[in-house]
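S.K.: Quick one, what's the 3D model for this:
(chains A and B)
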There are 2 protein chains.
Amino acid sequence: MTLLKNIVLNRTKCDILIDGGRFKKIARELSVPADATGTEIVDLKGECAILPGFYNTHTHAAMTLCRGYADDMELFKWLNEHIWPFEAKLKAPEDFKTGLRLAALEMIRSGTVFFNDMYFCNEQMPKVLETMGLRATLSFTFLDFQSEERRRAMIDRIKKLPFGGNAAPSGRIKFAVAPHSIYTVCEKNLLFLTDLARERGLKIHIHLAETRKEVEDCRAAHNTTPVRYLEKLGILGNDVVAAHVVHVDDEEIAILRERGVTVSHNPVSNMKLSSGVFRSQAFLKAGVPVTLGTDGASSNNNLDMRESMKIAALLAKNTYSPETLAAEEIFEWATRNGARAFGLDAGEIAEGKLADAVIVDLNNERLVPHHHLVSNWVYAADSRCVRHVICDGKFLMRDGHVAGEEKIIADVRAAWGTAVK
Amino acid sequence: MTLLKNIVLNRTKCDILIDGGRFKKIARELSVPADATGTEIVDLKGECAILPGFYNTHTHAAMTLCRGYADDMELFKWLNEHIWPFEAKLKAPEDFKTGLRLAALEMIRSGTVFFNDMYFCNEQMPKVLETMGLRATLSFTFLDFQSEERRRAMIDRIKKLPFGGNAAPSGRIKFAVAPHSIYTVCEKNLLFLTDLARERGLKIHIHLAETRKEVEDCRAAHNTTPVRYLEKLGILGNDVVAAHVVHVDDEEIAILRERGVTVSHNPVSNMKLSSGVFRSQAFLKAGVPVTLGTDGASSNNNLDMRESMKIAALLAKNTYSPETLAAEEIFEWATRNGARAFGLDAGEIAEGKLADAVIVDLNNERLVPHHHLVSNWVYAADSRCVRHVICDGKFLMRDGHVAGEEKIIADVRAAWGTAVK
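M.R.: Down below sits the predicted model:
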C-alpha cells in the first residue's frame, strides 16, 4: 500500500490511499490502517497536484530510433526513400527492444501510462515493457508487401496469440492485430485478420483515412471511401482502433460512432506531414469520444502527449474558432477517453479507479499562478513539471528519475552512435 | 574568462573560451592563457552541445500573471471581459515586477536570452531585469483609451527616455516606444510617438495586421490596409518591429521588406485566438528575415520559444506543404534573425560573436539518437533538455538552476494565492 499525504486534487489538499493497484480511499485526513505493515507514506506537503496520466492511442514506439532521421518532406517520399530503408537497417530484435525502451522512458517522463503500439512486435517485447511498468497494447503488424516468408511467419504468430491478448503476468500488456491500412493490406487479408482477431478477442489497430491520396486510391479501387469500405466488409466495431481519420464526411463520422470505433487523433503527425485537418468540431458535435495519439517519433518527433494536447487544441482553434476544443475537452480526449477505449477503469482520480496518475510540481514556474490547473497543464506546462508518475499503483518515475534510464540512453548511444567526432 | 571544455559544436567536440562577453576562441584543444587568473573551467565531457539562445521578438512578459486566467474564447470578448479587468486589479509597480521576474525565469529556463517586451513599463523594470542577466527591449506602451492623466504621464516619460534607449549599466536593456496598434492609437499620436522615438533612436514596437477585424476597421476608417496606412504615414522603417503581420498581401510584404521592418511571427497566439494564418511561405519567398515571438503568457500560455518553433513549422506545413519552413529555417528565425533585428552581433556560435548560448544535455532521451541535433531541438526537445544558459558571457542558468528562482515562485504565490483549499 502507498499513502499519498497532502496532495492537491481539484484545488483541495487531501490524502490518497493506493492499494491493490487502485485508489482505495481519498479523504481530507487518512491514517495508515493499523494492520498495514510496510505501507509507504509519501508526503507531498501541499506542493504537488495529482492528475490522470495519459493514454496514447496511436504510436510506433520503437521508431524513436528514427527521430530526426528525415524531416520536412512529403509522406510517400519520406517513407519510400528514408524511413523504410532506415528500418531495413534495424537489427531485430535488439534494435526494436532498444527503441521500445527509449520510447517507454520518454513516455513515462512526460506522464504517459499507456500506449497503443503498431510496429514490429514479437513475443519478447512484453518482457521488455513489463519491467518498465507502464500499460500497452502491442500489435502484430501486417503488410501485404512483406516478403512471403515474413507474411507466413506473421500469420503463424497471430494464430498463436493468446485469447484475450494477455501478454504478460501483470495483465498490463495485451497483444493486438494491426492490418497496417487499406492500401497496404488487400481485402482478403483484411477479412482474414479481422476474423482472427475477433476469434481471440483482440483489438484491431489500423491507419484509416489519413491522406487524401488514400481516399482517392480507395475510390479508384473500391468505388467508395475508406470508412464505407471497411463498413461494407463488416470490419468496423468497438474492437477497432482507427488512427488519423482525417478525411471523413459527416455520414462516415456517424458510422464510426454507431459502430463504437475508437478514433485516435494525431495532430502533430497530420500537421507535419500535411495530411489534412482532423474535423474536431464535427466529432465533438457528433458526440464521438475521440482519443489522442502522438504517432511515432519519426513524424512528430516526440511522444509527448502534453504537447500533443496543446497542438490539438491550437489546430482546432486555428481551423474553426477560439472556443473549439477547450482545455478541459482535449484533456478528456488524452486521458479518460483513451482509458475507456481500451477497457481500462482509469483516466480519473477517483475512489475505486485504477491507480494511474501524474503528480506535478505546483512550484514549477509554468504552473503558477494557479488560476486554472488544467489550462496550465494543457497550454503552459512541459515535462519538467512532472515529478512522479504512477501506473497500476506503482511509481514508474520518482522525483524525476526512472529506474534504469541511464542504461537505456547508453544502449541507444552504443547502437546508434553519438555522431560526435 | 570562462573556458568551456569538451563541448559539442556542429557534431565536433571542442573548447570555447569566453572573454569580455564574447566567444573569443573556438578550437579543438584550448588551454587557459598563462596570464588568466580566475578563469573558470567548465568541463562538459562531450555530453553537452552548444546552440544559440533564443531571441523572442514579441511578448508581454508580466502577463505571466494572467496565465490560465481566461482561455478558449474570442479575442475581443477575452480582452474586454477578462484580461483588461484582470489587469485593472494588478498593483503597480509590485505586481508588474513580480510578473516580469516570473517571465524572465521561464524564459531563461527554456533557453531565451533576449525578449522584446510590450507592457506597462516604468523606470524600475530595468533594475529588476538587470539582476537576472538576460537582454531585453522594454517598451513604454501607449493607448489612446488610457485616462487623460495616464496618457500625459506616458508622454512625459517617453520624452525623458535616454538617447539610444540604454536603460541599465550593463547595456543589455534598452527602452523603446510602443504605440499599441493602429486601432488603439490615433493618427496624430502614431506620428507624435514615431517622431519622439526617432529623435531618440528608439525602436517602435506595434501590433500590426493581427486580425481580419483590424483590416476591415482600417479600410473603413482610412480606406486602406494597415501596412499601407503606416507606409503612407511614413512610419515604416528598420526601427519598426511589427508583431503578428497575419493579414497582408504580397505587395504589403514587399513594402515591409523594402522598409526593413522587423516582422515578428507569433504562431501560438495566432492559432489560439483564431487570428488567421501567418503567410510563412510568402515571407520565405520574398526573402524577409522573419523573427519569432511567443506573445504573452495569456494567449500562449507559456513563453517557450522551442515550442513556438515547432508549432510555427507545423502550422506552415499544415497550411502549405511538408517541405515549408524546415527545421533549420525556423531555427534561424528564432535565433539569428531575432538577434540581428535588434542590432545584436549574436545568434550564432562563432568566434567574435556575443556569448549568448544554450547548452543542451545530449543524454536527454529526446535528443537521442543523434541523427540531427537541430531537428531534435526544434521538433523533439523540451526545456528539460536545457542544462545551462549563457548570456553576455555569464551563466544565467547552471545545471538547471537559476539564481533566486525559489524567491520568485514564492513571491508569485504570495501575491496571487495558491488557490488550494
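
S.K.: packing partners for the helix or strand bottoming out on mean pLDDT in chain A?
M.R.: In chain A, no helix or strand scores lower on mean pLDDT, DSSP states H and E than helix A:75-77, which sits at a mean of 83. Packing partners of helix A:75-77 (3 or more C-beta pairs under 8 Å, 6 or more residues apart in numbering or on different chains; DSSP states H and E): none among the helices and strands. Where you see a C-beta, it was placed from the backbone N, CA and C, and this is true even at glycine.

S.K.: Give me the buried positions along it.
M.R.: A:Leu75 (16 or more other C-beta atoms under 10 Å in any protein chain shown).

S.K.: Buried residues of the helix or strand following that helix, list them for me.
M.R.: Counting by DSSP states H and E, the next helix or strand C-terminal to helix A:75-77 is helix A:84-89. In terms of neighbour count (16+ other C-beta under 10 Å), helix A:84-89 has its buried residues at A:Phe86, A:Glu87.

S.K.: Contact residues of the stretch 151-300 of chain A facing chain B?
M.R.: Proximity of the stretch 151-300 of chain A to chain B (C-beta under 8 Å from any C-beta of the partner chain) is limited to residues A:Val268, A:Asn270, A:Met271, A:Lys272, A:Leu273, A:Ser274, A:Val277, A:Ala297, A:Asn300.

S.K.: Try it again at 10 Å.
M.R.: A:267-277, A:297, A:299-300 (C-beta under 10 Å from any C-beta of the partner chain).

S.K.: Contact partners for the spatially most central residue of chain A?
M.R.: The centre of chain A sits closest to A:Asn56, judged by C-alpha atoms, centre = their mean, with a distance of 1.7 Å. Shown in contact with A:Asn56 (C-beta atoms under 10 Å, 6 or more residues apart in numbering or on different chains): A:103, A:107, A:110, A:112-117, A:134, A:136, A:264, A:266, A:291-295, A:303-305, A:308, A:334, A:338.

S.K.: repeat that for 6 Å
M.R.: Listed by C-beta atoms under 6 Å, 6 or more residues apart in numbering or on different chains, the contact set of A:Asn56 reads A:Thr112, A:Phe115, A:Gly293, A:Thr294, A:Met305.

S.K.: Now find how far off-centre whichever strand or helix holds it is within its chain.
M.R.: Assessed by DSSP H and E, A:Asn56 sits inside strand A:54-59. Distance of strand A:54-59 from the chain centroid (C-alpha atoms, centre = their mean, to the nearest Å) equals 1 Å.

S.K.: before we move on, what about stretch A:311-330?
M.R.: 20 Å.

S.K.: now do the same end-to-end measure for that stretch.
M.R.: Chord length of stretch A:311-330, first to last residue, is 10 Å (C-alpha to C-alpha, to the nearest Å).

S.K.: circling back to that earlier point, residues touching the least confident helix or strand of chain A, excluding its own?
M.R.: By C-beta under 6 Å, 6+ apart, the residues outside helix A:75-77 that reach it are A:Leu273.

S.K.: try 8 Å
M.R.: A:Thr211, A:Lys213, A:Leu273, A:Ser274, A:Ser275, B:Pro322 (C-beta atoms under 8 Å, 6 or more residues apart in numbering or on different chains).

S.K.: Let's have those residues in TSV, adding pLDDT.
M.R.: Output for those, formatted as TSV (pLDDT from 0 to 100):
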residue	pLDDT
A:Thr211	96
A:Lys213	95
A:Leu273	95
A:Ser274	95
A:Ser275	96
B:Pro322	96
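
S.K.: picking up where we left off before, output the strand holding A:Asn56 in CSV, but only the C-alpha positions, please.
M.R.: The C-alpha trace of strand A:54-59 is given here as CSV (Å, rounded to 0.1, in the frame of the first residue of the first chain):
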residue,chain,number,x,y,z
PHE,A,54,-2.1,10.0,-20.5
TYR,A,55,-3.4,7.1,-22.7
ASN,A,56,-1.6,7.4,-26.0
THR,A,57,-3.9,5.6,-28.5
HIS,A,58,-1.6,5.5,-31.6
THR,A,59,2.2,5.3,-31.8
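
S.K.: Could you list the paired strands of it along with their orientation?
M.R.: Partner strands and pairing direction for strand A:54-59 (DSSP bridges) are strand A:112-119 (parallel).
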